[in-house]
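[1] Predicted coordinates and the sequence they were generated for:
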Amino acid sequence: MISFSTAEILFNVQSEGRKKIEDIWFSSPSAVDEVTMLFCKQLNIEPSFDKNKKVSPRKTLKPKDEKKSAFSLSVEPLFGMRWGQINEYVFLKESYFKRDKLSELNWEIKPEWYYGAKISGGWKNIFLETGFKIGIPMRSGKMMDSDWQNIQFAAEDGGNTWKTNYSESKNYLEEDFQFSVKAGYDFHLYQIVKIKPAVAFDYQTIKFMGKGGTGWYGKSMNQAGAPYYHYSDTSHQEIKDFSGRKVIGYRRVADYLWLGSDFSIDLPMNFEANTGFFFAPYVYAVSYDNHFLKSVDYADLTYGYFAAFKWNLGLSYTIAKRHSILFNANYFFMRVLRGEDYSKSSSKNSYDLASGYEGGAGARYFDMTLSYRFKIF
């Protein structure tokens, strides 16, 4: 009678049988003796191991179960830049023409650099985020002031609605502060796809100063003072130089209530892509501007429903368990809001309602942010 060990039997049997024994070995080591005995019986050979000896099961090393906390907290310093434009308007409440825009001021953001931070916390699927951004004071494109004076006066031909005044000045960002808070609930639509519906609130105060520059003003067509020629009519224009002078200062304070959702998808190589869309059911904005050359100040109280939206697209990379790098691009748009217009002399303290006019406010910008996230727990 020939004697073979278990290893020799595993080596000499056909590959299919060997694979079967190996599978049984890894699933239940004690069962290999029975299988070996079966093969020995079929081959008419004597196994070399002790049939009465008990084989202790092989120990399997399992990784320690890491207890995941129901709470999470992370901090995220950030840095970014923004391009866009803040717009201010004056409208006639009653116009002789279909067009009722009397004045428009455009404050360019070209560009604005800012820094800030965000703190994110959560409990189970509920999350809360808050953060701030602070603009760095700097030169920021141009301030452009346009007027359509003729729409205040009736014309026999119903025309003369061209731009009568135009000026350009250097625009300076003096301050920009934005505070935001967002709360919501996140859940998985699919294994790698997450949705995060949320409600959010933003507060922003931004301030500009227009300095220097040049103005072009169309002269009156008659001694009565109206209508006026087009500002670019070189034969009938007056040019003013504002070098070294403050022209117009502007400040806007705005509150935004947001509803929407973020979406994210896990990608290979520790990347995650995200996008989100939010709309504003309510927006309230107060604008103040100081016309230094005229010594007149204005204030506009405006609000609107479903008047703004913002859309973002981002990508994050997890360096290690607690460390991530994030890049986000965001587009913001606010349609023109209209409301009450107030004015006063710069020497007075109180404003008077301008009954024949309405104030207006609008904005749009695109910004990009780079940030680092540290997960505390």
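    Received, thanks.
[2] Gly121 sits in which helix or strand?
    strand 101-123 (DSSP states H and E).
[3] packing partners for that strand?
    Judged by 3 or more C-beta pairs under 8 Å, 6 or more residues apart in numbering; DSSP states H and E, the packing partners of strand 101-123 are strand 71-92, strand 126-135, strand 138-147, strand 165-185, strand 246-266, strand 352-375. C-beta coordinates here come from the backbone N, C-alpha and C atoms, glycine included.
[4] I'd like the average pLDDT over that strand.
    What strand 101-123 shows for mean pLDDT is 96.
[5] One more: stretch 341-359?
    93.
[6] Show me which positions of that stretch end up buried.
    Asp341, Tyr342, Ser343, Tyr351, Ala354, Tyr357, Glu358, Gly359 (16 or more other C-beta atoms under 10 Å).
[7] start to end distance for that stretch?
    Terminal residues of stretch 341-359 lie 5 Å apart, using C-alpha to C-alpha, to the nearest Å.
[8] What helix or strand is the nearest residue to Glu174 once chain neighbours are set aside located in?
    Using C-beta to C-beta, 6 or more residues apart in numbering and skipping the chain neighbours, the partner closest in space to Glu174 is Lys207 (4.5 Å). Here Lys207, judged by DSSP H and E, is contained in strand 193-218.
[9] Repeat that for Gly339.
    Going by DSSP H and E, Gly339 is in strand 323-345.
[10] quick one: strands adjacent to that strand?
    Neighbouring strands of strand 323-345 in its sheet, by DSSP bridges, are strand 296-304 (antiparallel), strand 308-320 (antiparallel), strand 352-375 (antiparallel).
[11] okay, the angle between that strand and strand 71-92?
    Strand 323-345 runs at 30 degrees relative to strand 71-92, counting by axes from the mean of the first three to the mean of the last three C-alpha atoms, to 10 degrees.
[12] Of all the residues in strand 323-345, which ones are buried?
    Buried, per 16+ other C-beta under 10 Å, within strand 323-345: 324, 326, 328, 330, 332, 334, 336-343.
[13] one step back: between which two of the buried residues of stretch 341-359 is the distance greatest?
    Within these, Tyr351 and Glu358 form the most distant pair, 14.7 Å apart (C-beta to C-beta).
[14] Which parts of this protein belong to which domain?
    Structural domains annotated on the chain: 3-47, 72-375, as defined by automatic domain parsing.
[15] mean pLDDT lowest for which of the ones you listed?
    When the domains of the chain are ranked by mean pLDDT, domain 3-47 comes last with a mean of 50.
[16] Report the central residue of this structure.
    By C-alpha atoms, centre = their mean, the chain has its centre lying nearest to Asn330, at 4.0 Å.
[17] Might one say that that one is in contact with Phe309?
    No. Contact status for Asn330 versus Phe309: not in contact, 11.2 Å apart, counting by C-beta atoms under 8 Å.
[18] picking that back up, I'd like to know which of the buried residues of stretch 341-359 is nearest to Val181.
    In terms of C-beta to C-beta, no member of the buried residues of stretch 341-359 lies closer to Val181 than Gly359, at 28.1 Å.
[19] which ones are touching the closest one?
    88-91, 287, 298-302, 338-342 (C-beta atoms under 8 Å, 6 or more residues apart in numbering).
[20] partner residues bridging the closest residue to it other than its chain neighbours?
    In space, and not counting its chain neighbours, Gly359 is closest to Asp300: 2.6 Å by C-beta to C-beta, 6+ apart. Beta-bridge partners for Asp300, by DSSP bridges, are Ser287, Asp341.
[21] Asp300 contacts Ala354, doesn't it?
    No. Taking C-beta under 8 Å as the definition, Asp300 is not a contact partner of Ala354, at 9.6 Å.
[22] which residues do the two both contact?
    Each of Asp341, Tyr342 lies in contact with both Asp300 and Ala354 under the rule C-beta under 8 Å, 6+ apart.
[23] isn't the residue nearest to Glu174 right up against Ile248?
    No. The pair Lys207 / Ile248 is not scored as a contact, 11.8 Å apart, by C-beta under 8 Å.
[24] which of the strands paired with strand 323-345 sits most buried?
    Highest mean neighbour count of these: strand 296-304, a mean of 20 (counted as mean count of other C-beta atoms under 10 Å).
[25] Next, the residues that contact that one from outside, please.
    Contacts for strand 296-304 (C-beta under 8 Å, 6+ apart): 88, 90, 282-291, 335, 337-346, 351, 359-361.
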